[in-house]
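Asker: 3D model of this:
(chains A, B, C and D)
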Protein chains: 2
Amino acid sequence: MGRRVNGDGTGAAELKRRATIKDVATAAGVSRSTASRALTGRGYVATDVRERVLAAAEDLRYVPDATARYLKQQVSLSLGVLVSDLRNSFYARLAAGVGQAARTQGYSLVLAEDGGSADAQVEAAETFVATRVAGVVVTPVSADVTTYLSRHRIPVIEVDRQFAAGACDAVVVDNHRASAQVIGELIGRGHRRIALFIDETTWTTGRDRHAGYQAALAAAGIALDPDLVVSSGWDVDASRAAAVALLRPSSRPTAVFAANNVLAEGVWRAANDLGLRIPDDLSLVSFDDAPWMSLVTPGLTAVAQDEAALGAAAVQRLLERIADPDAGPETVMMPTQIVHRQSTRAV
Amino acid sequence: MGRRVNGDGTGAAELKRRATIKDVATAAGVSRSTASRALTGRGYVATDVRERVLAAAEDLRYVPDATARYLKQQVSLSLGVLVSDLRNSFYARLAAGVGQAARTQGYSLVLAEDGGSADAQVEAAETFVATRVAGVVVTPVSADVTTYLSRHRIPVIEVDRQFAAGACDAVVVDNHRASAQVIGELIGRGHRRIALFIDETTWTTGRDRHAGYQAALAAAGIALDPDLVVSSGWDVDASRAAAVALLRPSSRPTAVFAANNVLAEGVWRAANDLGLRIPDDLSLVSFDDAPWMSLVTPGLTAVAQDEAALGAAAVQRLLERIADPDAGPETVMMPTQIVHRQSTRAV
DNA sequence: ATGCCACCTGGGATCGATCCCACGTGGAGC
DNA sequence: GCTCCACGTGGGATCGATCCCAGGTGGCAT
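Answerer: Numbers count the residues shown, from 1 in each chain, chains lettered A, B, ... in the order given. Below is the predicted model of the structure:
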């Protein structure tokens, strides 16, 4: 018989059994307690002993069992992240920002998507509770998640919108101000018939963007035309259809402010469907700056949020909250920036 | 003194202490063992007892501690996902697909990004080992992750590209065939000077897309012009700069095949920079269909992969592998589809 | 000489759930 | 009357790491 080099054929030597701290202790000739102190760095260990233990751990390819550690310490080194839809670049970038910040702080990420459903959010929250995450970053769709997690004493931070303002930390942007500013610019360029294309006005995002729109019009003495506030469904297809209706020649606005990137995509597609030229036939501005907006011609003027910074701020605030559970809730306001491209013109 | 309704002011009643199975058992007047059987559904429990236990659990808002369960059972109900960059829509959609499939199978997701670094991949893999994930879905950047995880007996599945072919399950597309098909179409429309814009040819993706390009040219009897195979850096800026160089008038190809969506973006931007009209001055085709490609004018013709399906297939294969650790490794080939838009023309 | 403290080590309890096993009970089959 | 088995329950060990505590040593100040 030939020499058997590797029974499993993977080409990589496998461990028969995962090494535990007991194996490391035995190999180093010390007790579990001492091995633990050497490995965690907590408590007294003689220098030579520490080195022996570390060498043994290396040798045995010891990887501490996080589940055991978490069980004993009653909390894990991972954060829960709950967003609506990773295919939306806003959420993807936010999650990336959270992950980046979490990693530098030694935390790993448990990620869940809810598809916009409150029930799915609570379900995901249950998983977070079960796995004893140290905290949760969520873009909520109702107050349920926050309530549920708070009840189980898990620190939560709401990002982008708030459903538990005053009871829960949050990281948001000044939607009202950004919205008013954008509308103000359009008014400054002569627009009077400015439509607001929006999906909801019950969340803080929709509510404040709507209010900012109204405030800017009021400040300029422009009467509010209810027909110009158009509500749409959630996805691109729905918003495209709604936008086609909005843009029919009879009542067409000279400018449209889309309240988020999905709605902007709907308007963009609708304009193409109808053969409308932007900005000649229609000015268009978006809340949220999605990657495609700098690739199309003309580029879309948009209110940009720094999603990575939002995520990082959320993690920072969350860790502060974990460190001091009794501190008062705080709402962090992040800046926005209007990115001017060529999708608007003076009338 | 007034009545103190809620000391913490959150408006949500908090639990003093998380209920354990012992609390549930006590409340239901049974032993821990019986409570466990009632809750997990494994083993005999009298019907009335089961109901009493479930009621008690509900009442106490009992959420089983997953870390304890995992510790005892030596494996968790979560999957690791390791991708390069969530801001790239390909990875975001892939992760979304994995998450979706995992959730329907009762698994949660531990997500990590590596930013394209092999070291970061191994570091993430360590976390996966520590948290005892049931398996890992990875878009590898070297053989290291797979080796590391296999060594620790954690089932892995490579997606998009393979570094451990024959030793590890994988879900990929037929890059060679898709590439050859796209080039064949360009040749069919009269193109002879077709450039391949590519970032690497050492991974299976780059290698096969390159090979398919060569094969299609060879099949048409077109001599390979090494100057038309242009390598670029990883990010948009690098690929944009490289594309500007490629598209200088003296040696301009009539068509460019960009080997992925980032490169396509670089070429698109470079063409804009140079005032080149697509498809009149240049035909452009992309591997990977990013969202922006259907939004720009003209729309980009692209080889589309169904990222959600890739993710789902990866999860399915991974669970099969978990169920049968000794089965031979399998490579699943997923279909691609050429989405024809208006970025090419006959010459 | 005594006390004190810093340093170092190991034993054993502990976290919360699972699960093996022993120990019932009662009905069916012979 | 006996075995056998399905049903049902609780005790206690177990997973792997942490950490409290007791115990030991040696140096230094009083």
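Asker: CA atoms for contacts and neighbours, from now on please.
Answerer: Noted.
Asker: mind checking the SS state of the closest residue in space to A:T201 that isn't next to it in sequence?
Answerer: What sits nearest to A:T201 in space, not counting adjacent residues and going by Cα to Cα, 6 or more residues apart in numbering or on different chains, is A:R207, at 4.4 Å. Here A:R207 is recorded as helix under DSSP: H, G, I helix; E, B strand; the rest coil.
Asker: just A:G106 next, same as before
Answerer: With three-state DSSP as the basis, A:G106 sits in coil.
Asker: pretty sure A:D199 is touching A:S231, no?
Answerer: Yes. A:D199 lies in contact with A:S231 (Cα atoms under 8 Å); the separation is 5.1 Å.
Asker: Now do the contacts for the spatially most central residue of chain A.
Answerer: Central residue of chain A (Cα atoms, centre = their mean): A:L94, 3.5 Å from the mean position. Residues in contact with A:L94, defined by Cα atoms under 8 Å, 6 or more residues apart in numbering or on different chains, are A:307-308, A:310-311.
Asker: roughly how far out does whichever helix or strand A:S239 is part of sit from the chain middle?
Answerer: Assigned by DSSP states H and E, A:S239 belongs to helix A:236-246. Distance of helix A:236-246 from its chain centroid, counting by Cα atoms, centre = their mean, to the nearest Å, is 26 Å.
Asker: for whichever residue of the stretch 51-200 of chain A sits closest to DNA strand C, phi and psi?
Answerer: Nearest residue of the stretch 51-200 of chain A to DNA strand C (Cα to the nearest atom of the strand) works out as A:K72 at 3.4 Å. Here is the backbone geometry of A:K72 (degrees, to the nearest 10): phi -70, psi -40.
Asker: Can you list the low-confidence ranges for chain A?
Answerer: Low-confidence segments of chain A, defined by pLDDT under 70: A:1-15.
Asker: can you give me the strands in it?
Answerer: A:78-83, A:108-113, A:135-138, A:156-159, A:169-173, A:194-198, A:229-231, A:255-258, A:283-287, A:301-305, A:331-334, A:336-339 (DSSP state E).
Asker: got those strands as CSV, with mean neighbour count and distance to chain B columns?
Answerer: Shown next, in CSV, are these (neighbours: other Cα atoms under 10 Å in any protein chain shown; distance: least, Cα to the nearest Cα, whole Å):
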stretch, mean neighbour count, distance to chain B
strand A:78-83, 26, 9
strand A:108-113, 25, 4
strand A:135-138, 26, 14
strand A:156-159, 26, 12
strand A:169-173, 24, 11
strand A:194-198, 24, 19
strand A:229-231, 18, 22
strand A:255-258, 27, 16
strand A:283-287, 27, 15
strand A:301-305, 23, 14
strand A:331-334, 17, 15
strand A:336-339, 17, 18
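Asker: want to try JSON lines for those, with distance to DNA strand D as columns?
Answerer: Listed next are the strands of chain A as JSON lines, based on distance: least, Cα to the nearest atom of the strand, whole Å:
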{"stretch": "strand A:78-83", "distance to DNA strand D": "15"}
{"stretch": "strand A:108-113", "distance to DNA strand D": "16"}
{"stretch": "strand A:135-138", "distance to DNA strand D": "19"}
{"stretch": "strand A:156-159", "distance to DNA strand D": "23"}
{"stretch": "strand A:169-173", "distance to DNA strand D": "27"}
{"stretch": "strand A:194-198", "distance to DNA strand D": "50"}
{"stretch": "strand A:229-231", "distance to DNA strand D": "53"}
{"stretch": "strand A:255-258", "distance to DNA strand D": "51"}
{"stretch": "strand A:283-287", "distance to DNA strand D": "46"}
{"stretch": "strand A:301-305", "distance to DNA strand D": "39"}
{"stretch": "strand A:331-334", "distance to DNA strand D": "32"}
{"stretch": "strand A:336-339", "distance to DNA strand D": "42"}
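Asker: Mind putting those strands into CSV with distance to A:R42?
Answerer: Converted to CSV, the strands of chain A look like this (distance: least, Cα to Cα, whole Å):
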stretch, distance to A:R42
strand A:78-83, 21
strand A:108-113, 22
strand A:135-138, 24
strand A:156-159, 29
strand A:169-173, 32
strand A:194-198, 55
strand A:229-231, 58
strand A:255-258, 55
strand A:283-287, 49
strand A:301-305, 42
strand A:331-334, 35
strand A:336-339, 44
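Asker: list the contacts for the closest residue to A:G184 other than its chain neighbours?
Answerer: Leaving aside its sequence neighbours, A:G184 sits nearest to A:A216 (Cα to Cα, 6+ apart; 5.7 Å). Shown in contact with A:A216 (Cα under 8 Å, 6+ apart): A:180-181, A:183-184.
Asker: do the same with A:D144
Answerer: A:118, A:121-122.
Asker: now it: how far from chain B?
Answerer: Distance of A:D144 to chain B, computed by Cα to the nearest Cα, to the nearest Å: 11 Å.
Asker: Burial check on A:I154, number of neighbours?
Answerer: Neighbourhood size, A:I154 [other Cα atoms under 10 Å in any protein chain shown]: 22.
Asker: right, and it touches A:V129 too?
Answerer: Yes. Shown here, A:I154 and A:V129 form a contact pair, counting by Cα under 8 Å, at 7.4 Å.
Asker: who are the neighbours in contact with the spatially closest residue to A:V172 that is not a sequence neighbour?
Answerer: Spatial nearest neighbour of A:V172, excluding adjacent residues (Cα to Cα, 6+ apart): A:D160 at 4.7 Å. A:D160 sits next to A:139, A:170-173, A:205 when contact means Cα under 8 Å, 6+ apart.
Asker: Between those, which sits nearest B:V315?
Answerer: Relative to B:V315, the closest of the contacts of A:D160 is A:T139; by Cα to Cα it sits at 26.0 Å.
Asker: For the stretch 1-150 of chain A, what lies in contact range of DNA strand D?
Answerer: With the criterion set to Cα under 7 Å from any atom of the strand, the stretch 1-150 of chain A comes near DNA strand D through A:18-22, A:32-33, A:36-37, A:39-40, A:42, A:63-66, A:68-69, A:71-73.
Asker: Now a PyMOL select for only the buried ones of the residues you listed.
Answerer: In PyMOL, this line selects whichever of these come out buried by 16 or more other Cα atoms under 10 Å in any protein chain shown:
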select buried, chain A and resi 18+19+20+21+32+36+39+63+64+65+66+68+69+71
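Asker: Of the residues of the stretch 1-150 of chain A next to DNA strand D, which belong to helices?
Answerer: A:21-22, A:32-33, A:36-37, A:39-40, A:66, A:68-69, A:71-73 (DSSP state H).
Asker: what would those residues look like in JSON lines with distance to A:Q316?
Answerer: As requested, these are exported to JSON lines (distance: Cα to Cα, whole Å):
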{"residue": "A:I21", "distance to A:Q316": "33"}
{"residue": "A:K22", "distance to A:Q316": "36"}
{"residue": "A:R32", "distance to A:Q316": "35"}
{"residue": "A:S33", "distance to A:Q316": "33"}
{"residue": "A:S36", "distance to A:Q316": "29"}
{"residue": "A:R37", "distance to A:Q316": "29"}
{"residue": "A:L39", "distance to A:Q316": "27"}
{"residue": "A:T40", "distance to A:Q316": "24"}
{"residue": "A:A66", "distance to A:Q316": "23"}
{"residue": "A:A68", "distance to A:Q316": "26"}
{"residue": "A:R69", "distance to A:Q316": "24"}
{"residue": "A:L71", "distance to A:Q316": "25"}
{"residue": "A:K72", "distance to A:Q316": "25"}
{"residue": "A:Q73", "distance to A:Q316": "22"}
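Asker: so which of these are also by chain B?
Answerer: A:66, A:68, A:71 (Cα under 8 Å from any Cα of the partner chain).
Asker: The residue of the stretch 51-200 of chain A closest to DNA strand C and A:Q162, how far apart?
Answerer: 34 Å (Cα to Cα, to the nearest Å).
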